[in-house]
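> Show me the folded form of this:
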Amino acid sequence: MRSCTIITTTPNEVCAPIHDRMPVIVAPENYEKWLGEEPADPVRLLMMLKPFPAEKMMCYPVDPRVGNVKNDEASLVEQLIA
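Next up, the predicted model:
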């Protein structure tokens, strides 16, 4: 059975004003190790569970309808003009 989970961590500077936690974002260079496609030391895997670097992210307002799972269209994540 395939399944997934969202692992959260403390927020970085971008996410902290929005929420007290954020999803762990695994860097592309770590995908194979995280997914078990390459051998990985458990300690190294745990080190991946940290906030993503804020300088690699951006934050902008989106349509409030994004919070409703009934809405499923790409335009919901387009930047709103303030």
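
> Tell me which stretches of this structure form strands.
Counting by DSSP state E, the chain has strands at residues 8-9, 22-23.

> Mind putting the ones you listed into a markdown table with mean neighbour count?
Backbone N, C-alpha and C define where each C-beta goes, glycine included. Formatted as a markdown table, the strands of the chain follow (neighbours: other Cβ atoms under 10 Å):
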| stretch | mean neighbour count |
| --- | --- |
| strand 8-9 | 15 |
| strand 22-23 | 16 |
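
> got those strands as CSV, with mean pLDDT and distance to Pro53 columns?
Converted to CSV, those look like this (pLDDT from 0 to 100; distance: least, Cβ to Cβ, whole Å):
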stretch, mean pLDDT, distance to Pro53
strand 8-9, 97, 12
strand 22-23, 97, 12
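
> nearest to Tyr60, of these?
strand 22-23 (15.9 Å; Cβ to Cβ).

> Who are the packing partners of that closest one?
Contact here means 3 or more Cβ pairs under 8 Å, 6 or more residues apart in numbering; DSSP states H and E; on that basis strand 22-23 packs against strand 8-9.

> next one: the strand it packs on to chain centre, how far?
Relative to the centre of its chain, strand 8-9 is centred 9 Å away, using Cα atoms, centre = their mean, to the nearest Å.

> starting at the chain centroid, how far to the longest helix along the chain?
Counting residues, the longest helix found in the chain (DSSP state H) is helix 42-47. Taking Cα atoms, centre = their mean, one finds helix 42-47 lying 18 Å from the centre of the chain it belongs to.

> quick one: low-confidence parts of this structure?
82 (pLDDT under 70).

> can you give me the helices in it?
Using DSSP H, the helices of the chain run over 31-34, 42-47.

> just the CA coordinates of the last one, formatted as CSV?
Spelled out, that is helix 42-47. Taking Å, rounded to 0.1, in the frame of the first residue of the first chain, the C-alpha atoms of helix 42-47 are listed here in CSV:
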residue,chain,number,x,y,z
PRO,A,42,19.7,7.3,9.9
VAL,A,43,21.5,10.3,11.5
ARG,A,44,21.9,11.9,8.1
LEU,A,45,18.2,11.4,7.4
LEU,A,46,17.2,13.0,10.7
MET,A,47,19.5,16.0,9.8
